[in-house]
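Asks: A predicted structure for the sequence below; I have some questions about it.
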Amino acid sequence: MKNKKTHKHAQNHSASRKSYDTLSEAINDAYKRGYTYDFNLKDSFLECRAIEKHYTPEQFEIVEMYRFEGMSSVDDSSVLYFIEAEDNRKGILVDSYGVYAEALSYEMLQKLRFRR
């Protein structure tokens, strides 16, 4: 991934307390740590195209989360989620901060609520 957004303040909402300067640095570290699947956010589930599987909010956990703010605008922000699914698959979800909030189901909003 070519995204090189940087964050103004390191905001990790997990116990590991890692700090990354760029989104691409965090993604590269995630892959090295075994988070090798890419998840896509849909209205009521996460999609993993590589294995053609969907995960409902009950079928995955968010293990770590990092916010990255764009250098030119707060509206140009992203959130990186480290995801572990119930079938032991680990991957990442990159979400544009706030953009898709209205399109998500209540269950998905609850899952991401304190993490967005």
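Replies: Structure's in. What do you need? Numbers count the residues shown, from 1 in each chain.
Asks: what helix or strand does the residue most central in space within the chain sit in?
Replies: By Cα atoms, centre = their mean, the chain has its centre lying nearest to Y81, at 2.4 Å. Per DSSP states H and E, Y81 falls inside strand 78-85.
Asks: continuing past that strand, what's the next helix or strand?
Replies: strand 90-96.
Asks: was I right about the residue nearest to the centre of the chain contacting E61?
Replies: No - in this structure Y81 lies outside contact range of E61 using Cβ atoms under 8 Å: 10.0 Å. C-beta coordinates here come from the backbone N, C-alpha and C atoms, glycine included.
Asks: what stretches of this structure score poorly on pLDDT?
Replies: Along the chain, segments meeting pLDDT under 70 span 1-17, 71-76, 97-102, 113-116.
Asks: for it, what spans make up the helices?
Replies: For the chain, the helices defined by DSSP state H cover 23-32, 106-112.
Asks: Columns distance to R67 and mean neighbour count on top of those helices, output as JSON lines?
Replies: Compiled in JSON lines, the helices of the chain are given as follows (distance: least, Cβ to Cβ, whole Å; neighbours: other Cβ atoms under 10 Å):
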{"stretch": "helix 23-32", "distance to R67": "10", "mean neighbour count": "17"}
{"stretch": "helix 106-112", "distance to R67": "12", "mean neighbour count": "16"}
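Asks: Of those, which is nearest F68?
Replies: Nearest to F68 among the helices of the chain is helix 23-32; the distance by Cβ to Cβ comes to 4.7 Å.
Asks: how about that closest one as PDB, C-alpha atoms only?
Replies: C-alpha atoms of helix 23-32 as PDB (Å, rounded to 0.1, in the frame of the first residue of the first chain):
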ATOM      1  CA  LEU A  23       0.000   4.100   8.000                       C
ATOM      2  CA  SER A  24       2.200   2.200   5.600                       C
ATOM      3  CA  GLU A  25       4.700   1.500   8.400                       C
ATOM      4  CA  ALA A  26       1.900   0.100  10.600                       C
ATOM      5  CA  ILE A  27       0.600  -2.000   7.700                       C
ATOM      6  CA  ASN A  28       4.000  -3.500   7.100                       C
ATOM      7  CA  ASP A  29       4.500  -4.300  10.700                       C
ATOM      8  CA  ALA A  30       1.000  -5.900  10.800                       C
ATOM      9  CA  TYR A  31       2.000  -8.200   7.900                       C
ATOM     10  CA  LYS A  32       5.300  -9.100   9.700                       C
END
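Asks: I am finished for the moment; much appreciated.
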